[in-house]
Every structure is written in structure tokens, then in C-alpha cells.
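**Q** Pasting the sequence and the predicted model now:
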Amino acid sequence: MANAQSQALGITDLSQLAPKVSQLILVTPPDGRSFVDDLKVTYGFDRTSFNRVLIVVGYSIANTLVAQNQAQVSVCYTTDGSIAQQNLVALQDDKNGFPAFNPAPIVRDSVLSQDPEIKTILNPLVPKLTTAVSALVFASAVVQCLQVLGRLVPRSKNPVNCLLGGMECLV
């Protein structure tokens, strides 16, 4: 949700959003639909509760539509760097309706058997891989992407999609 709209409507969490969804437009990629539908038990709404639902190709497009006030709510990951960049607010899941997506390093057994010290190095880092840390890392990747594209692509060609380190971003 756009920061200004969040403040105007007094919505900072999903419980506050619930009674107002019938007045709002939801935008989501196809794979985000089930996440919203699964909120019915916890918060009493699903995607059919919204005034309208727009289906788009990707999460960054959904966030851009909210930033441009073409929708009010988007499905996204809290680690998405474009949230802060586009002055959006990640609504708090105050009743834990969404499943946990906790980051974790994944290393193939074949690699660990060749270099067992990897496990010793990574294990102390695991508790520090929080959602907040992940958001900072992804935000940094978005900034890098924008810096690279800013040099390579004229601003008049916006939006341009790029992939840098697994992050889709818009310029």
C-alpha cells in the first residue's frame, strides 16, 4: 500500500485492512492469488472480497501499479527492495496469516563433502538472516540495478526490466 494511503486510511496491518478491502483494488501476480485466498480463515477476506482484482505478470509490476495509484494493495514479498524505493508500506501480518518464508543458505551435499568448512562458516550466519536483513540486501541489489541501467539505458525508455543477481527491477 502507498505510504500516503496507509496513513490516510489508518491501515498498517492486515486486521485494519480487512474491513476496508471491499473498497480497494488488489493487484497480484498469478502465484499470489492463493496467498490472499488463504487469509480468509485468519482475517475474514480473500481476493473475491476486494472491489476488483488485477492480475499482472510480476511482483514489481504490481508494486508499480500501487505506487501509481492504479491499485491500492499488492501481493509482494517483504524483502522486495522496491517497497521502500516506491514509498510503499508493507502491511504487518499481525495474526500470522501468511506462511513463514525464512531465508536459509542451501549448499549441495557434493559441495559440502568437498569442503566441510562451508558448514562451519555458514551455521553462525543462519540466525542473522532475518527478513529485515534480506530486505536490505535486496534493496541494495535494486539500487545497483538502477545504477547500472541508469548508465546503459536512456531515462526516456522507462520502464526497462533487468535481471541482476536474481532481482527484477524497473527503471
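**A** Nice, thanks for sending it over. Nothing here was measured: the structure is a model prediction, and the numbers come from that model. Numbers count the residues shown, from 1 in each chain.

**Q** can you list the domains in this structure?
**A** According to automatic domain parsing, the chain comprises the domains 3-85, 109-170.

**Q** Same list (these) but as a markdown table, adding distance to residue 101 and mean pLDDT.
**A** Glycine gets a C-beta too; all of them are placed from N, C-alpha and C. Supplementary listing: the domains of the chain in a markdown table, determined by distance: least, Cβ to Cβ, whole Å; pLDDT from 0 to 100:
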| stretch | distance to residue 101 | mean pLDDT |
| --- | --- | --- |
| domain 3-85 | 7 | 91 |
| domain 109-170 | 8 | 63 |
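
**Q** hey, which of the ones you listed is tucked in deepest?
**A** Using mean count of other Cβ atoms under 10 Å, the stretch among these with the greatest mean number of neighbours is domain 3-85 (a mean of 17).

**Q** Quick one: end-to-end distance for that one.
**A** For domain 3-85, the first and last residues are 11 Å from each other (Cα to Cα, to the nearest Å).

**Q** Please apply the same query to stretch 68-81.
**A** 17 Å.

**Q** Show me how far that stretch is from its chain's centre.
**A** 7 Å (Cα atoms, centre = their mean, to the nearest Å).

**Q** Please apply the same query to stretch 61-69.
**A** The mean C-alpha position of stretch 61-69 is separated from the chain mean by 12 Å, Cα atoms, centre = their mean.

**Q** And residue 26, its phi and psi?
**A** Dihedral pair for residue 26: phi -100, psi 140, per degrees, to the nearest 10.

**Q** before we move on, what about residue 13?
**A** According to degrees, to the nearest 10, residue 13 has phi -140, psi 170.

**Q** So in terms of bridging, what pairs with it?
**A** residue 92 (DSSP bridges).

**Q** got the contact list for it?
**A** Each residue near residue 13 by Cβ atoms under 8 Å, 6 or more residues apart in numbering is listed here: 91, 92, 93, 94.

**Q** Sounds good, over and out.
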